[in-house]
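Participant: no sequence on this one, just coordinates:
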């Protein structure tokens, strides 16, 4: 079904499209034209069609896409049609914000373990019922709880060390928030979210209009 | 100095380059080759040179870039060489995580006001000394405190309403975390951070290797 290598940016946009399609299903929209969907997603209709063309033919000419059908296909492509088991390391404000994010659970991302090195936090029970564990238990719990992904929400200075522990435990996908490059082996996927980069884009645009 | 229109992705990468250059200055690296810097930034050397070429000529052939000089130039381009005044709306876990983010202050992004609609929170003093204000004061405080940017960290269901209030108050740059499109007038720049999109990229890569 999949031709050659799919560009990373296409994958990123697919995730974005699926977010908009979810909203449409919630609003009970059943059919949408590629122009309308593209506008909702802030891309050109040509871009949208090109991204989808990697995976086959969708939509009916002159009618549009079946919203639920397209969402199902995109979820299958992204493998977000299954449940995934996550752990989080670093239970500060950011960690708690992620644990409480309702969109995670809704999408099948289940936090099954939480780690923090702070002795004051270890042993505490989170609102979800999970107990905060010390980082030395990462390896053991990754095995017994079959953890597939790790989220690092520690201070930046601990991020690489934590990543090494996750990798050593066999985790092959890491999301982190540190404003630095985390080194991982080739078979471990890593993504970062850096708030301040987005802020700098804003400032660039703001500086031009004021 | 600036030729034509600079692509948004170039601006995004410049912010990213500046992050890496900051780290280099902290490590007292004075000169770096374009190949080495590109590797640190996870782009090709050709891409790096192309991005910088929009703004002039940098670096010395066979020697490399002067780290501090290049950082200064990029900061001037991005307008991050000045201080900016921000407000934040929504003081939950995410809001607190942003307020406590040390990288914000370090880069000259100063939070000067915090708003929340929760009567339990209004009037409380934050660790920084700021007092949480009700959203109805957004307009007044934007004027008196000369707020330039607004960060929305409320639940998604309130995000558009809060954006409207910020825009009405004269704010022309908004960062939000809601997994939806916020509508703003053409002269208001908006950026969003969506954690789950990054997670979906990870899952796509993970599903291929397991």
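Facilitator: Received, thanks. Since we're looking at a predicted model, the values are computed, not measured.

Participant: Next up, the contacts around the most centrally placed residue in chain A.
Facilitator: Central residue of chain A (Cα atoms, centre = their mean): residue A:175, 7.7 Å from the mean position. For residue A:175, the contact set (Cβ atoms under 8 Å, 6 or more residues apart in numbering or on different chains) comprises A:149, A:150, A:151, A:152, A:190, A:191, A:192, A:193, B:195, B:198, B:199, B:202. (Each C-beta comes from the backbone N, C-alpha and C, glycine too.)

Participant: hmm, stretch A:41-61 in reach of chain B?
Facilitator: Yes - contact of stretch A:41-61 with chain B (Cβ under 8 Å from any Cβ of the partner chain) involves residue A:42.

Participant: what sits up against that stretch?
Facilitator: By Cβ under 8 Å, 6+ apart, stretch A:41-61 touches A:1-3, A:6, A:10, A:13-14, A:16-17, A:20, A:34-35, A:37-38, A:65-66, A:69-70, A:73, A:77, B:181.

Participant: Need the buried ones from the residues you listed selected in PyMOL.
Facilitator: Of the contacts of stretch A:41-61, the buried ones can be selected in PyMOL as follows, counting by 16 or more other Cβ atoms under 10 Å in any protein chain shown:
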select buried, (chain A and resi 10+13+14+16+17+20+34+37+38+65+66+70+73+77) or (chain B and resi 181)
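
Participant: Pull up the per-residue confidence for residue A:140.
Facilitator: We have a pLDDT of 98 for residue A:140.

Participant: repeat for the one 10 residues further on
Facilitator: The confidence metric pLDDT takes the value 97 at residue A:150.

Participant: Give the buried residues for the helix or strand of chain A with the lowest mean pLDDT.
Facilitator: One helix or strand of chain A scores below all others by mean pLDDT, DSSP states H and E: helix A:102-106, with a mean of 78. Neighbour-count burial for helix A:102-106, with 16+ other Cβ under 10 Å as criterion, is recorded at A:103, A:104.

Participant: Just the residues contacting it, thanks.
Facilitator: Taking Cβ under 8 Å, 6+ apart as the rule, helix A:102-106 contacts A:86, A:98, A:110, A:111, B:179, B:195, B:196, B:199.

Participant: cool, and stretch A:110-128?
Facilitator: A:83-91, A:95-96, A:99-100, A:104, A:130-135, A:137-138, A:141-142, A:145, A:147, A:154, A:158.

Participant: Ok, stretch A:92-99 next?
Facilitator: A:88-89, A:91, A:104, A:111, A:114, A:116, A:126-128, A:151, A:153-154, A:177, B:92-94, B:96-97, B:100, B:195.

Participant: again with stretch A:141-155
Facilitator: Under Cβ under 8 Å, 6+ apart, the answer for stretch A:141-155 is A:84-92, A:94-95, A:98, A:109, A:112-113, A:117, A:133, A:159, A:162-163, A:166, A:169-178, A:182, B:199, B:202-203, B:206, B:210.

Participant: Next step: the residues you listed restricted to strands.
Facilitator: Those of these mapping onto strands are A:84-89, A:109, A:112-113, A:133, A:173-176, per DSSP state E.

Participant: filter the contacts of stretch A:92-99 to the buried ones?
Facilitator: For those, buried by 16+ other Cβ under 10 Å: A:88-89, A:91, A:104, A:111, A:114, A:116, A:126, A:151, A:153-154, A:177, B:92-94, B:96-97, B:195.
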